[in-house]
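> the following comprises the amino acid sequence and a computationally predicted model.
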Amino acid sequence: MRVPFLAGPHFYWYRFLLPCCLVISIWLMQPSVAMAMTLHASLVRADPAEGSLLQTPVTTLRLFFSEPVQPLGQTITVLDPMGQPVAHGALRIVTNQVELPVDARRPGSYLVNWQVMSQDSQPVSGQYIFSIKHAAGPWATMAAQDQTGGWYLVLQALAHLVHFVGYALAFGVLAFLWLVVDASAVPASDNVQQRLLRLAHIGILCLLLAEPLTLLTQALTLTNGQGLRLDSIGGLLATNFGWLLSLRLGAALLLWSIVGAIQQGAKRGIQVACGLGLVLALIDSIGSHAIGASLPWLSLLAHIGHLVAMGLWLGGCVV
Amino acid sequence: MRFLSTRVRFHYSWIIASVVFLSLLAAAGMRSTPGVLLVPLEHEFHWSPATVSLAVSINLVFYGLSGPFVAAIMERFGIRRVMVIALLLIAMAAGATIYMREPWQLDLLWGLLVGLATGAIASVLGTIVANRWFVKRRGLVIGLFSASNAAGQLVFLPLLASLAVSFGWRSAALVTAAAALVVVPLVAIFMRERPQDIGLTPYGSDHVESEAAAVAQNPFKTALQGLMLGLRTPDFWLLAGSFFICGATTNGLIGTHLIPASMDHGIAEVTAASMLALIGIFDLIGTTISGWLSDRIDNRWLLCWYYGLRGCSLLLLPYALSSSYLSLAVFIVFYGLDWVATVPPTARLATELFGARNAGVVYGWIFASHQLGAASAAFSAGLVRTWLGSYQVSFISAGLLCLCASGMVIRIGRRPRMGQQVVSDILVRSDAPVVDGIS
């Protein structure tokens, strides 16, 4: 769709600049496993330590993370050389330290599986072994695993991309309708408005599709590629991640209602929808790395501003 | 009767409304009786909860699915006759339960017979009566009829529960039967089919309408024709789909699972039951106000707001349950106010879209989708609770579904779908869309 004031020679510069910006954006979005790992919680230290050989029984397992964490599903499972769980008490989490009472006295190798929720609602998991007296048992030769492989990060990036495209198409287009089309001296025809609302509908569809994709990716991340497990999905939904996911879905559905109201002639609906865009930016920021910064409110504000600017810019470009 | 109607200061429509209100009130109480009987029956006959629950499920299914057929039967044989037979059937079935010994007898009496009979004295009856007898205040009357549902449970449940505790479950069953018998003479004496039967016009209408004589038509064929008419219309799908979500998020989820969910969060059973009763009180207020509003405001907007607010309150519920009582109070107020508040606007929209004559049957199917939603949610929330050990996912999903319903109802078209008459009697003025903006 051609908007009159963008029909001049400057418009053709955009045709050149836009592909350049897209190429640079895609290059910048290439996930680096090492960089991504530092953004979420990571296991800093464990007691008993990874690969350690102890001579005395262990009564408490302690994991120290790089940032405060939340429980996720069973959080920690410790299996003895016979494959039996040895935890015998309630899990205790104090900021970035997780404690679990265990009864590890049988000689052999023990497998520790852990999964926690980062501050930015990113689930992280891993496993390692320690041994009592000597290394023996089914996992004696198992290598430690921490975090996830690159494929899952690609999937996560894809889910985020779909979400951000949806944000830009839905809210960016509506903001364009409000700030440019409605404010211009030339009255917009119904046809123009209907086309823009159709774009907004595509944006809403992207917002709705992004959430199941995110859930699927995170669930696969937790199982380390061993297929989908219902308890992993259930565990994820019961955490902060599930809450933020439901809020994002709620915002998308609410936007769908508001666009329906706009189609029925509610002019103020556009402003309300733009307000909802700010709320969704806040929700996104709560689930981002900004929440773990030293000045969270400033970081949140910066993240919101960043997201809104992206939505306005990309939405305007698409129009 | 004409004499009466000229001497008294109020329109005879209000007497009809009072009789129907009382009948709906009694029927709501009768429907709530199995809840009181569940545990005593398990104790006396050593039946499992699943055995007793099967009868309740049968009851819910027949209660919901009988709606469209009951509407057609009422058009064919008359409202009064159907109401009297239904009340006698309830009295007989409830009375006979005191002699039962086997689970199949419970399924037959409380499941099939009481389910069918209470389905005849339900929301569909209220819509038909309001459409026939009221032009002005139609929404308010539908609101009052809907509110009687909550009031019936509030009045009967404590009474039946105390009777069951003091004198045994048989006394509760007998009181239910007696309540049905008390309403029978009121219906037989005061109930009339249409205003023109007593030389009146509907309340708020100045037009003397031609008498609409019922035509001998197969009620089942009429009900199925109504379904076909609806299925061809996108608005029917939007209305029935949103009402499915309404049933799922009220009777199905909160009505069935709020008490166990509260107990999961350490709230005592009595406190949880009181919360449900409080929701019922706010429902009474909300539904009556909703009926009044539905006479004045575009019903699609009302529904959009109701579902939106309900969705937000359900999204809040998991956090309200694990936080302070203040959050729970906020949930109870917001959720209670629009518990059944969706009924008057939905019934009005069905009338506006399909015409007053078709509304009974078409609304019957829409109401059936409400009950199917309730049954699905009651079952699936239990399943999710077993699987995940918490109701959080169910509550959040229900909240999201409500937001989805909010988007559905705002897309319902303004053009009434009146091309085809389902109930084949004479077209009268009350078939015309009520709201001026809809044409």
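Nice, I can see it. Numbering: from 1, shown residues only, chains lettered A, B, ... in the order given.

> tell me who's in contact with residue A:87.
With contact set as CB atoms under 8 Å, 6 or more residues apart in numbering or on different chains, residue A:87 has these partners: A:76-78, A:100-102. Using the backbone N, CA and C atoms, a C-beta is placed for each residue, glycine as well.

> can you tell me how far it is from chain B?
17 Å (CB to the nearest CB, to the nearest Å).

> show me the beta-bridge partners of that residue.
According to DSSP bridges, the partner residues bridging residue A:87 are residue A:102.

> can you check the one 10 residues further on too?
Applying DSSP bridges to residue A:97 yields these beta-bridge partners: residue A:64, residue A:94.

> count of residues packed around it?
The local packing of residue A:97 (other CB atoms under 10 Å in any protein chain shown) involves 16 other residues.

> and the stretch 201-319 of chain A, which residues reach chain B?
A:230, A:234, A:237-238, A:242-243, A:246-247, A:249-250, A:253-254, A:256-257, A:260-261, A:263-264 (CB under 8 Å from any CB of the partner chain).

> might one say that residue B:135 is in contact with residue B:205?
Yes: counting by CB atoms under 8 Å, residue B:205 is a contact partner of residue B:135 at 4.1 Å.

> who has more neighbours out of those two?
residue B:135 (21 against 18).

> for the more buried one, give me phi and psi.
Note on residue B:135: backbone dihedrals following degrees, to the nearest 10 are phi -110, psi -50.

> quick one, grab the pLDDT at it.
Per-residue pLDDT puts residue B:135 at 83.

> residue B:116 contacts residue B:67, doesn't it?
No: applying CB under 8 Å, one finds residue B:116 not in contact with residue B:67, separated by 10.6 Å.

> gap between residue B:263 and residue B:275?
Residue B:263 sits 11 Å away from residue B:275, going by CB to CB, to the nearest Å.

> skip ahead from the longest helix along chain B and say which helix or strand is next.
For chain B, the longest helix by residue count, based on DSSP state H, is helix B:343-388. Going down the chain from helix B:343-388, the next helix or strand is helix B:392-409, by DSSP states H and E.

> so how far is that next one from its chain's centroid?
21 Å (CA atoms, centre = their mean, to the nearest Å).

> now the helices for chain A?
Under DSSP H, chain A gives helices at A:10-28, A:33-39, A:150-167, A:173-176, A:190-222, A:230-237, A:240-263, A:269-286, A:296-318.

> could you give the average pLDDT over the first one?
The predicted model assigns helix A:10-28 a mean pLDDT of 68.

> repeat that for the longest one.
Confidence over helix A:190-222 (mean pLDDT, whole number) is 88.

> need the pLDDT of the residue lying closest to residue A:194 once chain neighbours are set aside.
Excluding the flanking residues, the one nearest residue A:194 by CB to CB, 6 or more residues apart in numbering or on different chains is residue A:263, at 8.0 Å. Residue A:263 is assigned 85 on the pLDDT scale.

> so who does residue A:263 touch?
A:194, A:197, B:411.

> tell me who's in contact with the closest residue to residue A:314 other than its chain neighbours.
Counting by CB to CB, 6+ apart, residue A:314 lies nearest to residue A:168, which is 3.6 Å off, once chain neighbours are set aside. Taking CB under 8 Å, 6+ apart, we find residue A:168 in contact with A:203, A:310-311, A:313-315, A:318.

> list only buried entries from those.
Buried subset of the contacts of residue A:168 (neighbour count, 16 or more other CB atoms under 10 Å in any protein chain shown): A:203, A:310-311, A:314-315, A:318.

> Provide a list of residues in contact with residue 312.
You didn't say which chain, so I picked chain A. Counting by CB under 8 Å, 6+ apart, residue A:312 has contacts A:172, A:175-176.

> sorry, I should have been clearer: chain B.
Taking CB under 8 Å, 6+ apart as the test, what residue B:312 contacts is A:250, B:334, B:399, B:403.

> so among those, which ones count as buried?
Buried among the contacts of residue B:312 (16+ other CB under 10 Å): A:250, B:334, B:399, B:403.

> quick check, stretch B:369-388 touching chain A?
Yes: counting by CB under 8 Å from any CB, chain A is contacted by stretch B:369-388 at B:387-388.

> and for residue A:59, the neighbour number?
Residue A:59, neighbours per other CB under 10 Å, totals 12.

> mind checking how far it is from chain B?
28 Å.

> how about the contacts made by that residue?
Contacts of residue A:59 by CB under 8 Å, 6+ apart are A:101-104.

> with adjacent residues omitted, what lies nearest to the most centrally placed residue in chain A?
Centrality entry for chain A: nearest residue to the mean C-alpha point is residue A:122, 5.7 Å, by CA atoms, centre = their mean. Nearest non-adjacent residue to residue A:122, counting by CB to CB, 6+ apart: residue A:40, 4.4 Å away.

> OK, contacts around that neighbour?
A:118, A:120, A:122, A:124, A:147.

> the helix or strand hosting residue B:84: how far from the chain's middle?
Under the criterion of DSSP H and E, residue B:84 resides in helix B:79-96. Helix B:79-96 sits 18 Å away from the centroid of its parent chain (CA atoms, centre = their mean).

> distance of residue B:37 relative to residue B:156?
12 Å.

> try residue B:367
21 Å.

> so which of these two has more stuff around it?
residue B:367 (30 against 23).

> now residue B:27: closest residue in space that isn't a chain neighbour?
Here the residue nearest residue B:27, using CB to CB, 6+ apart, is residue B:121, at 3.9 Å.

> name the residues of stretch B:363-383 that are buried.
Per 16+ other CB under 10 Å, stretch B:363-383 contains these buried residues: B:363-375, B:377-378, B:381-382.

> and if you look at stretch B:279-296?
Quick answer for stretch B:279-296 (16+ other CB under 10 Å): B:279-280, B:282-284, B:286-295.

> got the contact list for that stretch?
Taking CB under 8 Å, 6+ apart as the rule, stretch B:279-296 contacts B:136-144, B:146-147, B:150-151, B:153-154, B:254, B:258, B:302, B:306, B:332-333, B:335-345, B:348.

> on that earlier part again, closest to residue B:221 among the buried ones among the contacts of residue B:312?
residue B:403 (38.4 Å; CB to CB).

> what's the pLDDT at that closest one?
With respect to pLDDT, residue B:403 has a value of 94.

> which residues are in contact with residue B:147?
B:283-284, B:287-288, B:291, B:340 are the contacts of residue B:147 under CB under 8 Å, 6+ apart.

> wait, is it part of a strand?
No: if the criterion is DSSP: H, G, I helix; E, B strand; the rest coil, then residue B:147 is helix and not within a strand.

> isn't residue A:171 right up against residue A:273?
Yes: using CB under 8 Å, residue A:171 is in contact with residue A:273, at 7.0 Å.
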